[in-house]
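Novice: Structure of the sequence below:
(2 chains)
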Number of protein chains: 2
Amino acid sequence: MAPSVESQQQQQPPVEAENTVNSTTTTTTRVEDEVTPIKSKVTVVGSGNWGSVAAKLIASNARRLSSFHDEVRMWVFEETLPTGEKLSEVINRTNENVKYLPGIKLGENVVADPDLENAVRDANMLVFVTPHQFMEGICRKIVGKIREDAEAISLIKGMEVKKEGPCMISTLISEQLGINCCVLMGANIANEIAVEKFSEATVGYRKHKEIAEKWVHIFNTSYFMVSAVQDVEGVELCGTLKNVVAIAAGFVDGLEMGNNTKAAIMRIGLREMKAFSKLLFPSVKDTTFFESCGVADLITTCLGGRNRKCAEAFARNGGKRSFDELEAEMLQGQKLQGVSTAKEVYEVLRHRGWLELFPLFSTVHEICIGRLPPSAIVEYR
Amino acid sequence: MAPSVESQQQQQPPVEAENTVNSTTTTTTRVEDEVTPIKSKVTVVGSGNWGSVAAKLIASNARRLSSFHDEVRMWVFEETLPTGEKLSEVINRTNENVKYLPGIKLGENVVADPDLENAVRDANMLVFVTPHQFMEGICRKIVGKIREDAEAISLIKGMEVKKEGPCMISTLISEQLGINCCVLMGANIANEIAVEKFSEATVGYRKHKEIAEKWVHIFNTSYFMVSAVQDVEGVELCGTLKNVVAIAAGFVDGLEMGNNTKAAIMRIGLREMKAFSKLLFPSVKDTTFFESCGVADLITTCLGGRNRKCAEAFARNGGKRSFDELEAEMLQGQKLQGVSTAKEVYEVLRHRGWLELFPLFSTVHEICIGRLPPSAIVEYR
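Specialist: Presented below is the predicted three-dimensional model:
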């Protein structure tokens, strides 16, 4: 579908939310790019599953677009593989991240670099895609060692929500490095995008539309459709809050309530995501929740995903087995984002006296800690 | 969750869309009801699967609320059962619709009536829930034979979309009977609501909030949460257009593209539902698509439902077997709403020169008629 760029441009006014930059908008700037003297240089900070896919997407565009340097650096947290080889060396030899994205060619123009400072030094476009707990350390390490004109984007989901409010990772990056930071979120299962299955994503930007267009430009492909909205907080909060709703959806699955009830719970969850975000940041836009980062990511997360899966098991056991137990058993030691986010959100709600405004969010937490039975998720009494 | 009415009322300002009447709003009018002299009388026109569940919901409230007559009439299209008995007689004897909702007690105050004119004569609240092709005949039969102060609500999904635009069933009822008509839509699988699984619904009203509140009042229960929005067209169009998106979602399932792609297609579908509705009726509100009739009904329909199911089979066969064949085989002669709606919508788009604005809607139709392969649903070329 969407046969032509022209059609999509006409399509925008009625179909796209206002303030939306569609991938196609930027495609029209190709011509200027051809004459732009200064080429942008992109570095991906992080080389896990999603980081490697991001590098692949970016590399395919960097090769194609004259406004970007061909070479895309990817910082690799160095590891020694069972073979005794260094991960970065294997990536550069095989053009594959054999550990985190085996079987997928990243593109010859991806250069793995284990030296963080060296990897970021020449780049004016920094893509951060590491576990969120690493970000503070990374910022401390590279502050003052990046280009002054550098722009950043965060693909990191799972910011913390503290009593005083959420500490956005984009804000952390902006403040620590003194640079502007966009975010990219969406219904993005890395392995599905790696094999080029159709997907979408949303770039959230604060002020400068032309910078958002540049990010759209470097990420967008025929199978990965990116659009941008002027709403960093809304986009970033979606990526975190959806995990709380996924826990609720998992409870419904475990209770075998059917699709009808599940859809209702997902809708109430989306409504509370919207209301919570708007209370914390009045600038947040309703339209953001119609983007990939909103409704689409919520759907993906509530259909599959480990938060949903563990919550289903929790409800099947009538809450008799704790999430810690189930996590240990089902996730090989990984932690569930949703359970901790639900706790963090609950703290904010209690702290601000909003508990009663968010029956779903607060009920999810009270079920998680065993104060309420799983069935409470659908009880209006 | 949602422990108390009070909490839900506080909840409204931030959490509900503006113009939304929540069930709890009306609950607060209970006291006045107690002293209201004139009692409302409800008749349900239709006694199929959904009609019988509607009668059950209404009957439970009519018993409970002093502002309504206990008795709820349900017009039954008379049939003779294999036992030789009349359906209406069996319903009145057993308090069950043994043919369309077996095993569910409707409530002692439900009276089945095979005489249409007699069933509607005394009612000032008429609930229409028949197959949509029957509505014109029913209106002709009862016009001039209903109370002048009668109010109507339509639960009928599947209005037709003609070249000149959609002919809404609520409009048909209003014009033919000369009365006001609201609509009720949502993620409502009748059999799940019949066994009191939690669900939500949306009432769409044109002008009079107090009438919408009355409808919310008579339908809302602890397991069936109803809210109202001032947007008849938006609510009614959702109930029809979602079936086109369900066809697209089915194609994605048949192609085994995964949840990521499916979520993206559902999101694009929701966006086109919104854009199409707003182009036809500028009064349509974005917020309506966050209600149960919008995103929740879309999710239910794209997870289960016969449109999705047949479209999946169609894609698995690479489009080699026609929808007519698959329908005949899988649906015992039932017709697929989605396929015909896709054709109707396509006609409108072509007629108005909007085809390129709606790549998903138009692609669905072109796949259905074999002009494009199922894989076109995810191809941006």
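Novice: residue contacts, the residue nearest to residue A:370 when sequence neighbours are not counted?
Specialist: Closest residue to residue A:370 apart from its sequence neighbours, by CB to CB, 6 or more residues apart in numbering or on different chains: residue A:319 at 5.9 Å. Backbone N, C-alpha and C define where each C-beta goes, glycine included. With contacts defined as CB atoms under 8 Å, 6 or more residues apart in numbering or on different chains, residue A:319 is in contact with A:367, A:370, A:373, A:374.
Novice: how about the residue lying closest to residue A:103 once chain neighbours are set aside, phi and psi?
Specialist: Taking CB to CB, 6+ apart, and ignoring the residues beside it in sequence, residue A:103 has residue A:96 as its nearest neighbour in space, at 7.0 Å. Recorded main-chain torsions at residue A:96 are phi -130, psi 150, according to degrees, to the nearest 10.
Novice: my read: residue A:96 touches residue A:105, true?
Specialist: Yes: distance between residue A:96 and residue A:105: 6.3 Å, which falls inside the contact criterion (CB atoms under 8 Å).
Novice: Which one of the two is surrounded by more residues?
Specialist: Using other CB atoms under 10 Å in any protein chain shown as the criterion, residue A:96 and residue A:105 rank with residue A:96 on top: 17 against 12.
Novice: and the more buried one, what is it in contact with?
Specialist: When contacts are counted by CB under 8 Å, 6+ apart, residue A:96 touches A:90, A:102, A:103, A:104, A:105, A:106.
Novice: wait, what's in contact with the last one?
Specialist: By that I understand residue A:106. The contact partners of residue A:106, by CB under 8 Å, 6+ apart, come to A:52, A:55, A:56, A:59, A:74, A:91, A:95, A:96, A:97.
Novice: what does the strand or helix carrying residue A:138 rub up against?
Specialist: Residue A:138 is part of helix A:135-142, with elements assigned from DSSP states H and E. Residues from elsewhere that reach helix A:135-142 (CB under 8 Å, 6+ apart): A:45, A:116, A:117, A:120, A:128, A:130, A:156, A:169, A:172, A:173, A:176, A:177.
Novice: what comes up buried for that helix?
Specialist: For helix A:135-142, burial by neighbour count (16 or more other CB atoms under 10 Å in any protein chain shown) applies to A:135, A:138, A:139, A:142.
Novice: from memory residue A:154 sits against residue A:180, does it?
Specialist: No: at 11.3 Å, residue A:154 does not count as touching residue A:180 under the criterion of CB under 8 Å.
Novice: From residue B:147, how far off is residue A:170?
Specialist: Computed as CB to CB, to the nearest Å, the residue A:170 to residue B:147 distance reads 60 Å.
Novice: Residue A:285 is in contact with residue A:229, isn't it?
Specialist: Yes: using CB under 8 Å as the test, residue A:285 is close enough to residue A:229 to be in contact (6.8 Å).
Novice: Of these two, give the one with the bigger neighbour count.
Specialist: Between residue A:285 and residue A:229, counting by other CB under 10 Å, residue A:229 is the more crowded of the two (25 against 22).
Novice: how about residue A:168, what does it touch?
Specialist: Each residue near residue A:168 by CB under 8 Å, 6+ apart is listed here: A:159, A:232, A:233, A:236, A:237.
Novice: run the last query once more with 6 Å
Specialist: For residue A:168, the set of contacting residues under the criterion of CB atoms under 6 Å, 6 or more residues apart in numbering or on different chains consists of A:159, A:236.
Novice: what's the distance between it and chain B?
Specialist: Counting by CB to the nearest CB, to the nearest Å, the gap between residue A:168 and chain B amounts to 20 Å.
Novice: and that residue, what pLDDT?
Specialist: In the prediction, the pLDDT value recorded for residue A:168 is 90.
Novice: Likewise for the one 5 residues further on?
Specialist: What the model reports as pLDDT for residue A:173 is 96.
Novice: Which strand or helix spans it?
Specialist: Assigned by DSSP H and E, residue A:173 falls within helix A:169-177.
Novice: Can you tell me the closest non-neighbouring residue to the residue of the stretch 101-250 of chain A found nearest chain B?
Specialist: Residue of the stretch 101-250 of chain A nearest chain B, by CB to the nearest CB: residue A:198 (3.7 Å). Sequence neighbours aside, residue B:378 is the residue nearest to residue A:198 in space, at 3.7 Å (criterion: CB to CB, 6+ apart).
Novice: residue ranges for the helices of the stretch 1-150 of chain A, please.
Specialist: With DSSP state H, counting those that start in this stretch applied, the stretch 1-150 of chain A shows helices at A:5-15, A:23-27, A:30-35, A:49-64, A:87-94, A:116-121, A:135-142, listed in chain order.
Novice: Next secondary structure after the last one?
Specialist: Scanning forward in sequence from helix A:135-142 by DSSP H and E, the next helix or strand is strand A:151-154.
Novice: Would you report the backbone torsion angles of residue A:297?
Specialist: When quoted as degrees, to the nearest 10, the phi and psi of residue A:297 stand at phi -60, psi -40.
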